[in-house]
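Asker: predicted structure and sequence below. I'll ask about it afterward.
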Amino acid sequence: MTHTWWKESVIYQIYPRSFKDSNGDGIGDLQGIIEKLDYLSNLGVDVLWLSPVYKSPNDDNGYDISDYYNIMKEYGDMNDFDQLLKGIHQRGMRMLMDLVVNHTSDEHQWFEESRKSKDNPYRDFYFWKPGKNGGPPNNWKSFFGGSAWEYDETTDEYYLHLFTKKQPDLNWENEKVRAEVHKILKFWLDKGVDGFRMDVIPCISKRLEFEDGDISDFGKLIQERYSNGPRVHEFLQEMNKAVLSNYDIMTVGEGPGITKELANLYVGKDRGELDMIFHFGHMFLDHGKGGRFDPLDFSFQEFKKVFAEWDQSIGEEGWINIFLDNHDFPRMVSRWGTDGKYRVKSSKLLAMLLLTMRGTPCIYQGSEIGMTNVEFNNIRDCRDIETLNAYKEHIEKGGDSEAFMKVHHTHGRDNVRTPIHWDGTDQAGFTTGKSWIKVNPNYQQINIEKALNNSHSIYYFFQEMLALRKTHKTLVYGDFKLLKASDKQLFAYTRKDSENQFLVLLNFSEERYGLDGIVDPEKAEIIIANYVGCEEFENELRGWEARLYELNA
Ligand code: TEU
Ligand code: CA
């Protein structure tokens, strides 16, 4: 086993806007993160992934960049950034920046030039096409509702935007665009940044025929038209050769549309492309043909199968991330656990799942204290452009507002973007001003100050699991084997290498679960569990009980 730091690391994702506000304007900022570096270091995470902090008009909260070389003014300035990076390194941690180069903001100087005229030197930095039959060039839909094309009167043409109309797609066919991206990478890497999470990276190579797609099934549209285009690997290998390979860094692709069959083309160890990807096998499980706001039921067995099949297909060849939520998906305890009576137990169970799989785990801010989804009853409380656009479309089609808000409560992105609960004071200690988005009303029950004063809190369970993963490398590199695949309640698997064998038992229900024959107490020792006093329950798991056993040879 060759030790690789980015395989043995655990990432903690920070959504800066909601992490900690230091100057009372109600918006999180870099100085706020600096204030909390000891908290993060004490938790035991290794790499901090910051969602975008570059200059942006915030149409999509920073995923619409207008200047890659400057810090968003609400977050601070380059001095704050340098101080933050230094503080992270001083604590032995690393920083991942969020590289968003599938598209820019429409307020980026390149686009402002590009839209001026058909012969502007920047015209080919983006995709411009004449309309067809009085409408857009094809039937492609944006991830965020409506057409993926916006008409621009000045030059009587449409431009492509897979996301909002303020996020025009960059034309990677143009080698000048690729050279500019390499320059951006080099600028931040020369400042000492330890790598990048690359936003929607499988979408950077477009199918230039721009053929219509099957818009009745958004997941299919992503796979058949938007992701895994003809030159994506060429572009990534070129980027790796020109820049990435010159640094000891970590590169993480966000991979909507990457299938398990295609994954090792991106992350295979000899591919010279990316180190790992966030795949969406489980994340899109409950997305119906209409996308996130068209929810589907799915089975627990399907959820388990995703982990087994992805591990199987990646094998020893590549590497993946392990995550259960992020800034785009509902809170993990509300989505995969239960945020009622068993919130604490199920949060710890999910922590054990996250930290005993093969891959580089990523903890989303607030998961370490079991933060939950938030019930917004009024669309005016929502801030996410994807939600606001979907709501508008829903109402225009005669949909019912209450029904939409109900789906938003379980599936919307605002759920994971409310401020972190630092304590039980006003605005949860996040800001002394008025927060940009409502604080979850349960902040007095769920907050970091309480967690730090409770030795049985979710926080300390995460801390213990993180420490275990550090000292038991079998949990990083060991073979994964799913047990009882068809069981409707138990998620059981082993992790094994030449030194150790571990058994993980996760009871995804409040019903008890009999363990007859699964564990031989003579040959198994409990390393950690989310209940105290497991010995007298050798043959039974209680509601949402999680156990990690070391199996003696
Ligand atoms: O997300 C792309 C993506 O695939 C998810 O946004 C998800 O598919 C989408 O929410 C549809 O439900 C990345 C960023 O993570 C996201 O925050 C940005 O909004 C998006 O790209 C555009 O940059
Ligand atoms: Ca602020």
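Answerer: Looks like it arrived, so ask away. All of these numbers come straight from a predicted model, not from anything done at the bench. Ligands and ions are numbered 1, 2, ... in the order given.

Asker: near ligand 1, which residues of the stretch 301-450 of the chain?
Answerer: Applying CB under 6 Å from any ligand atom, we find that the stretch 301-450 of the chain lies next to ligand 1 at 327-328, 386. The way it works is simple: take the backbone N, C-alpha and C, and place the C-beta from them, glycine included.

Asker: wait, which of the residues you listed is closest to ligand 1?
Answerer: Proximity of these to ligand 1 (CB to the nearest ligand atom) peaks at D328, which lies at 4.3 Å.

Asker: picking that back up, would you list the residues of the stretch 301-450 of the chain next to ligand 1 in a markdown table and tack on pLDDT, secondary structure and neighbour count?
Answerer: Conversion of these to a markdown table gives the following (pLDDT from 0 to 100; DSSP: H, G, I helix; E, B strand; the rest coil; neighbours: other CB atoms under 10 Å):
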| residue | pLDDT | secondary structure | neighbour count |
| --- | --- | --- | --- |
| H327 | 98 | coil | 21 |
| D328 | 98 | coil | 19 |
| E386 | 98 | helix | 22 |
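
Asker: contact partners for R115?
Answerer: By CB atoms under 8 Å, 6 or more residues apart in numbering, the residues touching R115 are 106, 152, 154-155, 159.

Asker: out of the residues you listed, what pair is the most spread apart?
Answerer: Based on CB to CB, the longest span within these runs between D106 and T155 and measures 14.1 Å.

Asker: of the two, who's got more company?
Answerer: Remark: of D106 and T155, D106 carries more neighbours, 24 against 18, as counted by other CB atoms under 10 Å.

Asker: count of neighbours near the residue nearest to the more buried one when sequence neighbours are not counted?
Answerer: Using CB to CB, 6 or more residues apart in numbering and skipping residues adjacent in sequence, the residue nearest D106 is K166, 4.7 Å away. For K166, the neighbour count with other CB under 10 Å is 21.

Asker: tell me which residues touch K166, please.
Answerer: Neighbours of K166 in contact, by CB under 8 Å, 6+ apart: 57, 59-60, 64, 105-107.

Asker: pLDDT for those - can I get that in a markdown table?
Answerer: A markdown table is the format used below for those (pLDDT from 0 to 100):
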| residue | pLDDT |
| --- | --- |
| P57 | 98 |
| D59 | 98 |
| D60 | 98 |
| D64 | 98 |
| S105 | 99 |
| D106 | 98 |
| E107 | 98 |
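
Asker: just the buried ones from these, in PyMOL syntax?
Answerer: Buried members of those, defined by 16 or more other CB atoms under 10 Å, are picked up in PyMOL with:
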select buried, resi 59+60+64+105+106+107
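
Asker: tell me the one of the contacts of K166 nearest ligand 1?
Answerer: Distance to ligand 1 across the contacts of K166 (CB to the nearest ligand atom) is lowest for D60, with 4.7 Å.

Asker: give the contact list for the residue nearest to that closest one when sequence neighbours are not counted.
Answerer: Once flanking residues are discounted, D60 sits nearest to I385: 5.4 Å by CB to CB, 6+ apart. Contact analysis of I385 by CB under 8 Å, 6+ apart lists 59-61, 144, 164.

Asker: any idea whether Y12 is helix, strand or coil?
Answerer: Of the three states, Y12 takes strand under DSSP: H, G, I helix; E, B strand; the rest coil.

Asker: in what helix or strand does the residue sitting nearest the centre point of the chain lie?
Answerer: Geometric centre of the chain, nearest residue: N326, 3.8 Å, by CA atoms, centre = their mean. N326 is part of no helix or strand, with elements assigned from DSSP states H and E.

Asker: quick one, what contacts it?
Answerer: 13, 278, 362, 364, 416.

Asker: hey, where'd the helices end up in the stretch 301-450 of the chain?
Answerer: According to DSSP state H, counting those that start in this stretch, the stretch 301-450 of the chain carries its helices in the segments 332-335, 343-354, 385-396, 401-411, 448-452.

Asker: hang on, the earlier thing: on the three-state scheme, the residue nearest to D106 is what?
Answerer: Three-state assignment for K166 (three-state DSSP): coil.

Asker: if we can go back for a sec, which of the contacts of I385 are close to ligand 1?
Answerer: The subset of the contacts of I385 within reach of ligand 1, by CB under 6 Å from any ligand atom, is D60.

Asker: among the contacts of I385, which two are most distant?
Answerer: N61 and F144 (12.3 Å).

Asker: how near is the closest residue to ligand 2 within the stretch 351-500 of the chain to ligand 1?
Answerer: Residue nearest to ligand 2 within the stretch 351-500 of the chain (CB to the ion): T431, separated by 7.1 Å. Separation of T431 from ligand 1 (CB to the nearest ligand atom, to the nearest Å): 22 Å.

Asker: my guess is that residue contacts T418, does it?
Answerer: No - with contacts counted by CB atoms under 8 Å, T431 stays clear of T418, the gap being 11.9 Å.

Asker: so between the two, which is more surrounded?
Answerer: Using other CB under 10 Å, the more surrounded residue of T431 and T418 is T418, with 28 against 25.

Asker: which parts of this protein sit against ligand 1?
Answerer: Proximity of the chain to ligand 1, by CB under 6 Å from any ligand atom, involves residues 60, 63, 100, 143, 163, 199-200, 254, 256, 291-292, 327-328, 386.

Asker: residues of the chain that sit close to ligand 2?
Answerer: Within the chain, the positions near ligand 2 by CB under 5 Å from the ion are 21, 23, 25, 27, 29.

Asker: which of these lies closest to R207?
Answerer: I27 (38.7 Å).

Asker: enumerate every residue touching the closest one.
Answerer: 17, 21, 74-75, 431, 436.

Asker: make a markdown table from these and add distance to K523 and pLDDT to it.
Answerer: Shown next, in a markdown table, are those (distance: CB to CB, whole Å; pLDDT from 0 to 100):
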| residue | distance to K523 | pLDDT |
| --- | --- | --- |
| R17 | 50 | 98 |
| D21 | 52 | 99 |
| E74 | 56 | 98 |
| Y75 | 53 | 98 |
| T431 | 53 | 98 |
| W436 | 54 | 98 |
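
Asker: what's the farthest-apart pair in those?
Answerer: Based on CB to CB, the longest span within the contacts of I27 runs between Y75 and T431 and measures 13.8 Å.

Asker: for E536, give me the pLDDT.
Answerer: Looking at E536, its pLDDT reads 80.

Asker: one more: A553?
Answerer: Per the predicted model, pLDDT is 65 at A553.

Asker: how does the protein divide into domains?
Answerer: 8-92+252-459, 109-160, 475-551 (automatic domain parsing).

Asker: who's in contact with the nearest residue to W172 once chain neighbours are set aside?
Answerer: Spatial nearest neighbour of W172, excluding adjacent residues (CB to CB, 6+ apart): I204 at 4.8 Å. By CB under 8 Å, 6+ apart, the contact set of I204 is 101-102, 170, 172, 229, 232, 235.

Asker: R17 too?
Answerer: The contact partners of R17, by CB under 8 Å, 6+ apart, come to 27-28, 51, 61-62, 74, 417, 436.

Asker: swap in 6 Å and give it another go.
Answerer: Going by CB atoms under 6 Å, 6 or more residues apart in numbering, R17 touches 27-28, 61.

Asker: tell me which element the nearest residue to it once chain neighbours are set aside falls in.
Answerer: Closest residue in space to R17, ignoring its immediate chain neighbours: G28 at 4.9 Å, by CB to CB, 6+ apart. Counting by DSSP H and E, no helix or strand carries G28.
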